[in-house]
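my questions are about this predicted structure, shown below with the sequence.
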Amino acid sequence: MTAPTTIAALATAPVPSALALVRLSGPRCAGLAREVFGRGRLPGDRRVAFGRYRELGGAVLDECLYVHSEGPRTYTGEATLEITCHGNPLIARRILDDLAARGVVPAAPGEFTRRAFLNGRMDLTQAEAVAGTIHARNAKALFHAQRQLSGALGRKVGAWVEALLGILARIEAHIDFPDEDLPPESPPAELAGELGALGAEFEAAARTARYTSVLEDGVRVVILGPPNAGKSSLLNALLGEARALVSPEPGTTRDYIREPLALGPHLLQLTDTAGLRPVPGGELERQGMARAHAQIATADYHLLVIDATEPPPRFEDGFLEKLPPARTHLILNKSDLSAHPDALAYLPLHPRLALSAKTGEGLAALRTQLLDALDRNGIVPDEEALIVNARHATALQAAATHLGNARGKIENAAPPELPANDLQHALAALGEITGRIDNEQMLDKLFATFCIGK
């Protein structure tokens with residue numbers, strides 16, 4: 001086997017700052033520390049030391065702090081060296097260039113984490129969670145990324161594997177030792193029931209992949225309604241800035257406007273859309289309405305804004321059926337003016353709130369009610385949910401399919417070799433989640449999304 005190379009990368013942003021961190025991992029770390037800092041012996045494992053970094057030519061490049069750590073109790077499972085220098089990008093670049101001249105290989109994106117995975121320091125779900133922890137844009141996303149980083153999903157998959165292995169052992173014992181004095185085979189109904197329960201767990205876990213985009217990109221909240229109802233005013237009021245043009249002239253918004261908004265632990269993507277009515281007034285309005293409908297169709301939640309001083313608006317046939325009460329809030333705008341009685345009785349099954357986007361009255365209540373609706377209606381995951389990504393969901397669906405095949409064969413009294421083969425395939429699918437199945441191409445694609453230095 002080829003000896004591993006020693007790699008290095010800048011682990012901090014290449015911008016002027018107080019300090020910069022250069023990370024190394026590999027078998028040459030101890031020797032390099034002695035070379036560049038001119039010490040016969042190192043100060044000790046995981047001990048911080050002060051030294052002057054000397055380039056190959058002997059010139060002092062910078063005064064640094066450095067820590068050498070012996071494997072395997074390191075992030076990568078290998079010997080590591082971390083050099084903290086002054087945060088001038090030129091200094092960090094010259095250190096990396098000098099290390100390259102000494103035979104150190106520049107690290108590829110995600111290579112430190114990839115080595116941690118290959119050296120058994122973490123499973124693949126934890127490796128993926130490293131990137132999720134770094135890129136989390138809201139408290140909820142950070143919570144779930146850190147939970148996965150702690151190994152919660154890996155432990156759950158391990159429990160599923162153990163359960164499947166137990167079932168498979170009971171089937172294979174009678175295949176391999178048919179003449180031995182073994183306990184009687186489990187009744188087919190019992191085995192089928194166990195497989196059905198496990199398959200249902202796999203499918204339920206796979207469905208949590210829908211939360212991935214909510215956590216990574218934010219909850220898509222679309223503001224919609226008839227022209228001149230105050231949609232853009234509501235967007236501006238929630239953002240606290242004049243992001244959208246507001247005018248008494250109907251139809252000011254022709255295209256949608258999207259802006260992020262932090263709301264409690266969540267990130268929202270607020271989208272203001274063109275006004276909707278049964279018949280557009282022209283081609284430009286028609287296009288604006290078409291784009292509004294496209295945003296509404298993919299929204300996680302809707303804020304239907306109407307002018308409460310006017311009779312209820314009319315929309316094209318069937319439109320309101322696309323706005324279920326569990327995912328729609330009726331906003332009775334212009335509460336600072338006298339309300340029309342028919343507007344107050346509009347859509348009685350939908351949650352509603354009277355507010356004034358102009359004065360700000362009711363905005364605090366809207367934020368509170370919106371947070372409650374997102375949590376109560378399952379639009380955002382609760383803290384107990386184990387969230388899987390698209391790759392995990394594909395593997396779980398495949399495992400559930402194999403369990404369904406095995407269950408059908410058991411119920412139809414097929415030879416035990418056939419359901420046993422299906423269970424082996426299910427175990428292989430679960431192995432893809434944690435990385436027990438060697439797939440170099442998949443690993444290349446996964447770690448290519450990581451930062452250099454991580």
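Cool, got the structure.

any weak-confidence spans in this protein?
Scanning the chain with the threshold set as pLDDT under 70 gives 1-3, 173-187, 243-254, 437-439, 441-442, 445.

can you list the domain ranges for it.
Per the record, the chain has its domains at 7-121, 127-209+388-438, 216-376, by automatic domain parsing.

export those domains to a markdown table and tack on distance to Asp444 and mean neighbour count?
From N, CA and C alone the C-beta is placed, and that goes for glycine too. Below are the domains of the chain laid out as a markdown table (distance: least, CB to CB, whole Å; neighbours: other CB atoms under 10 Å):
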| stretch | distance to Asp444 | mean neighbour count |
| --- | --- | --- |
| domain 7-121 | 9 | 17 |
| domain 127-209+388-438 | 12 | 18 |
| domain 216-376 | 22 | 17 |
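
of those, which is nearest Ile452?
domain 7-121 (5.0 Å; CB to CB).

which residues in the stretch 351-454 of the chain form helices?
Ranges of helices within the stretch 351-454 of the chain are 363-376, 390-411, 417-434, 440-447, based on DSSP state H, counting those that start in this stretch.

between those helices, which one is nearest to Ala357?
Smallest distance to Ala357 across the helices of the stretch 351-454 of the chain (CB to CB): 7.9 Å, for helix 363-376.

what does the closest one contact?
219, 221, 237-238, 263-264, 266, 301, 329, 331, 351, 353, 355, 357, 379-380, 382 (CB atoms under 8 Å, 6 or more residues apart in numbering).

not counting its neighbours along the chain, what's nearest Arg39?
The spatial neighbour of Arg39 that comes closest, neighbours along the chain excluded (CB to CB, 6 or more residues apart in numbering), is Gly51 at 6.9 Å.

can you tell me which residues contact that neighbour?
Gly51 touches Val36, Phe37, Gly38, Arg39, Glu63, Cys64, Leu65, Tyr66, counting by CB under 8 Å, 6+ apart.

doesn't it lie inside a strand?
Yes: Gly51: assigned to a strand according to DSSP: H, G, I helix; E, B strand; the rest coil.

can you tell me how far it is from Ala11?
Going from Gly51 to Ala11 by CB to CB, to the nearest Å gives 19 Å.

with Ala229 instead?
As defined by CB to CB, Ala229 lies at a distance of 51 Å from Ala11.

in contact with Leu191, which residues?
Leu191 is in contact with Ile167, Arg170, Ile171, Arg407, Ile410, counting by CB under 8 Å, 6+ apart.

can you rerun that using 6 Å?
Taking CB atoms under 6 Å, 6 or more residues apart in numbering, we find Leu191 in contact with Ile410.

next one: the one 3 residues further on
Applying CB under 6 Å, 6+ apart to Glu194 gives the contacts Ile167.

can you do 10 Å?
If you count contacts by CB atoms under 10 Å, 6 or more residues apart in numbering, Glu194 has them with Ala163, Leu164, Gly166, Ile167, Arg170, Ser186, Leu403, Arg407, Ile410.

same thing with Glu70?
Contacts for Glu70 (CB under 10 Å, 6+ apart) come out as Cys29, Ala30, Leu42, Gly44, Asp45, Arg46, Glu78, Ala79, Thr80.

next: Asn412.
When contacts are counted by CB under 10 Å, 6+ apart, Asn412 touches Pro188, Leu418, Pro419.

now it: how far from Ala197?
Distance of Asn412 to Ala197, given as CB to CB: 19 Å.

Leu215 now?
Distance, Leu215 to Ala197, by CB to CB: 28 Å.

with Ile83 instead?
Distance, Ile83 to Ala197, using CB to CB: 53 Å.

next: Glu55.
For Glu55, the distance to Ala197 equals 64 Å [CB to CB].

go on, Pro324?
For Pro324, the distance to Ala197 equals 31 Å [CB to CB].

next: Ala390.
25 Å.

cool, Gln148 as well?
For Gln148, the distance to Ala197 (CB to CB) stands at 24 Å.

coming back round to it: would a markdown table of the helices of the stretch 351-454 of the chain with distance to Phe112 be doable?
Listed next are those as a markdown table, based on distance: least, CB to CB, whole Å:
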| stretch | distance to Phe112 |
| --- | --- |
| helix 363-376 | 36 |
| helix 390-411 | 21 |
| helix 417-434 | 19 |
| helix 440-447 | 10 |
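
what are the ranges of the strands in the stretch 1-150 of the chain?
7-10, 17-25, 48-54, 60-69, 80-87, 105-106 (DSSP state E, counting those that start in this stretch).

export these as a markdown table, with columns for distance to Ala131.
What follows is these, written out as a markdown table (distance: least, CB to CB, whole Å):
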| stretch | distance to Ala131 |
| --- | --- |
| strand 7-10 | 15 |
| strand 17-25 | 16 |
| strand 48-54 | 28 |
| strand 60-69 | 23 |
| strand 80-87 | 20 |
| strand 105-106 | 20 |
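
tell me which of these lies nearest to Leu142.
Checking the strands of the stretch 1-150 of the chain against Leu142 by CB to CB gives strand 17-25 as the closest, at 21.7 Å.

quick one: the closest one to strand 48-54, angle?
For strand 17-25 against strand 48-54, the angle by axes from the mean of the first three to the mean of the last three CA atoms, to 10 degrees is 90 degrees.

strands paired with strand 17-25, and their directions?
Applying DSSP bridges, strand 17-25 is found paired with strand 7-10 (antiparallel), strand 80-87 (antiparallel).

for the ones you listed, which one sits closest to Asp97?
With CB to CB as the measure, strand 7-10 is the member of the strands paired with strand 17-25 nearest Asp97 (10.3 Å).

centre of the chain to that closest one, how far?
26 Å (CA atoms, centre = their mean, to the nearest Å).

cool, and stretch 131-143?
With CA atoms, centre = their mean, you get 7 Å for stretch 131-143.

mind checking the end-to-end distance for that stretch?
Across stretch 131-143, the terminal residues are separated by 13 Å (CA to CA, to the nearest Å).

can you tell me what sits against that stretch?
Counting by CB under 10 Å, 6+ apart, 109-110, 113, 129, 144-149, 211-212, 214-219, 260, 262-268, 374-375, 380-383, 387, 389, 446-447, 449-451, 454 sit against stretch 131-143.
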